[in-house]
Every structure is written in C-alpha cells, then in structure tokens.
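J.: Based on what follows, work out the 3D shape:
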Amino acid sequence: DDELQTDGNRSGHFRNGELGLAATNDDVIRIIAAQLAEIGDQFDKEVQGRVVNDLVQHFLNEKMSKEEIILHMSRVVGELTRSIPLDMEQEKAKLVLAMVLTKKVMNTVPSLLQRVFTTTLNYMNQQFHNYIVEMVSAVKQ
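T.: I've put the predicted structure just below:
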C-alpha cells in the first residue's frame, strides 16, 4: 500500500487516519523534496561504507524485529548527526540522514527493499511526523 517516491512527486499518506502529506499541493512537496535531495547529496559522501554494511547486517538478520532495527537506525542517525558538521537544524539533518542510509542500504542489497522501506517509513513516522508537517506548513506560507 505504501509508495516509494524519489522524484519529488506527491506520494503516500500517514496511517491512523491523519491527512498528513496526502492533502498538500504538489508544488510544496516538490520544493521540499528538492531541498532534501540537495542536502542528501552532500551527506551521501560523508556516510562511510562500514556504517551502511553494519545497517545491512541488521536488516538481513531475520531474528531482529522492526522495532530493534528502528532503534539501531536511530542510534546510527544520532551518531552520524554528531560526527558530520552541520549548519542546519538537527531534525532536518536526521531526516535526511535516515533517507540517505535507506538509499545506500537498498543500493547495497536490493532484495531488502520491502523490509528497509517499511522500517524506514515507520521510523520516520515515529521520529519526524510533526517535523514533516511543520516543514510542509512553513513552505506553504
């Protein structure tokens, strides 16, 4: 039911009956996507292969629950946020780092697409839901 959109097109919806991003206009989504993609390109060079490989191992471990992987992803994002010099708000940096890690894991092991996508979506909904809504509201104004 979930869509993976990487081109800035309007996509997806939040669960729990909330309107979330589904009700926003396409131009707002494209502006935000372009900004996040630009930041992601900068971060992409900073994320080391060993960090990605460690995360891949967690996703490959069938015994680990999605919650355990989310906790690990949260720790990795937190560590990266502390190690990369940032001149932006922490929430935006963490959101982009989560997306960059997701992309790198899926590029490393494409067969993990479904597990990585759903886990990252859950992580983002748990950690960044309010931030994303605020970001959309700010761009609309």
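J.: and the helix or strand containing Val76, how far out from the chain's middle?
T.: When elements are defined using DSSP states H and E, Val76 is found to belong to helix 66-83. For helix 66-83, the distance between its averaged C-alpha position and the chain's averaged C-alpha position is 11 Å (C-alpha atoms, centre = their mean, to the nearest Å).
J.: List the buried residues of the helix or strand just after that helix.
T.: Beyond helix 66-83 on the C-terminal side, the first helix or strand identified by DSSP H and E is helix 90-108. Residues of helix 90-108 classed as buried under the neighbour-count rule (16 or more other C-beta atoms under 10 Å) are 91-106. Quick note: C-beta positions are derived from backbone N, CA and C, even for glycine.
J.: How far away from the center of its chain is helix 90-108?
T.: 5 Å.
J.: Use 199 as the first number for this chain going forward.
T.: Fine by me, first position is 199 from now on; the one you just mentioned is helix 288-306.
J.: who touches it?
T.: By C-beta atoms under 8 Å, 6 or more residues apart in numbering, the surrounding residues in contact with helix 288-306 are 204, 234, 237-238, 241-242, 245, 249-251, 253-254, 257, 271, 274-276, 278-279, 282, 284, 310-311, 314-315, 318, 321-322, 325-326, 329-330, 333.
J.: now do 7 Å
T.: The contact list for helix 288-306, computed with C-beta atoms under 7 Å, 6 or more residues apart in numbering, reads 234, 237-238, 241-242, 245, 250, 253-254, 257, 271, 274-275, 278-279, 284, 310-311, 314, 318, 321-322, 326, 329.
J.: could you flag which of the residues you listed are buried?
T.: Looks like the contacts of helix 288-306 have 234, 237-238, 241, 245, 250, 253-254, 257, 271, 274-275, 278-279, 284, 310, 314, 318, 321-322, 326, 329 buried, using 16+ other C-beta under 10 Å.
J.: Find the pair from the buried residues of helix 288-306 with maximum spatial separation.
T.: With C-beta to C-beta as the measure, no two of the buried residues of helix 288-306 lie farther apart than Glu289 and Met304, at 22.9 Å.
J.: Thanks again, I'm all set now.
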